[in-house]
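> Please work out how this folds:
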Amino acid sequence: MRKPKLTYQRPENGEQVMSGIVFVNRNGLRWCDAPKDYGPHKALYNRWKRWGEKGIFLQMMEGLAAASPDPKTVMIDATYLKAHRTASSLRVKKGARGRLIGRTKGGMNTKLHAVSDADGRPLSFFMTAGQVSDYTGAASLLDEMPKAQWLLGDRGYDDDWFRDALQAKGTQPCIPGRRSRNEPVRYDKRRYRRRSRIEIMFGRLKNWRRVATRYDRCPTVFLSAVALAATIIFWL
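As a prediction, the model looks like this:
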């Protein structure tokens, strides 16, 4: 007696596909473990990878962020994201930019740099290997920063070139000085307390399991998972 063939419900529209993509990223599932109600897991994965490589999810987040009023205060910070063994292979194709995964004391990590508004809503992201300094992320995000009166950052961003670059943009830095400085740096301590909101933002992003742990080898696809989570949590 022949076994009956398994039949799957084909995705009927983009809403069904998007719901499946959100479900997998939020719960940290393998694509083959996606519920059958969302359709074939291969269809979900193929669309996720294709849309991610085109930068659709990042464009969606940045478009919603750009539609908001220009913030008077922005914040910058970075966090480590643990790379799973399925993503931590350092071998890359010839001519590729790399997987943006580095070895640190905590193991294989990716570092996510972010700029947010005063409410902790992300405005832009930049991703590097885990061992890369905060300066590199700051330099890459500098051109994308909206014009604001203040920028809040921790001691990791205390450098003369960064302060000069901010002042050239008309932005006043609120960054405490490093302890190794010979002369202390003045900053608004009351205003600096708001910086905790960007740390809360990172915590909320890590509630999505495919953000807290990196399973994707392709850095563009992984950044899409971060952008998708940020869009749903903060901008919808």
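> quick one: contacts of the lowest-mean-pLDDT helix or strand in the chain?
Least confident helix or strand, the chain: strand 102-104 with a mean of 88, by mean pLDDT, DSSP states H and E. Outside strand 102-104, the residues that touch it by CB atoms under 8 Å, 6 or more residues apart in numbering are 80, 108-111, 128-132. Glycine gets a C-beta too; all of them are placed from N, C-alpha and C.
> How many residues are close by the nearest residue to residue 133 once chain neighbours are set aside?
Nearest residue to residue 133, sequence neighbours excluded (CB to CB, 6 or more residues apart in numbering): residue 156, at 7.8 Å. By the criterion of other CB atoms under 10 Å, residue 156 has 16 neighbours.
> Look up how far residue 45 lies from residue 156.
37 Å (CB to CB, to the nearest Å).
> Residue 137 - nearest residue in space that isn't next to it in sequence?
residue 113 is the one closest to residue 137 (CB to CB, 6+ apart), at 3.0 Å.
> Actually, residue 221.
Closest residue in space to residue 221, ignoring its immediate chain neighbours: residue 52 at 4.2 Å, by CB to CB, 6+ apart.
> Please apply the same query to residue 28.
Residue 28's closest residue in space is residue 209 (CB to CB, 6+ apart), at 2.6 Å.
> Now do the SS call for residue 43.
Three-state call for residue 43 (DSSP: H, G, I helix; E, B strand; the rest coil): helix.
> Now do it, the pLDDT please.
Per-residue confidence at residue 43 stands at 91 (pLDDT).
> secondary structure class for the residue nearest to residue 133?
Relying on three-state DSSP, one would call residue 156 helix.
> before we move on, back to that, ok, and the most crowded of the contacts of strand 102-104?
Using other CB under 10 Å as the neighbour test, the contacts of strand 102-104 are led by residue 110, with 25 neighbours.
> ok, that one - contacts?
Residue 110 is in contact with 80-81, 83, 100-102, 127-130, 214, 219, 222, counting by CB under 8 Å, 6+ apart.
> Spatially nearest residue to it, not counting backbone neighbours?
Computed as CB to CB, 6+ apart, the closest residue to residue 110 that is not its neighbour in sequence is residue 81, at 4.8 Å.
> Over to residue 135?
Once flanking residues are discounted, residue 135 sits nearest to residue 159: 6.4 Å by CB to CB, 6+ apart.
> okay, now the one you found: neighbour count?
Around residue 159 there are 15 residues (other CB under 10 Å).
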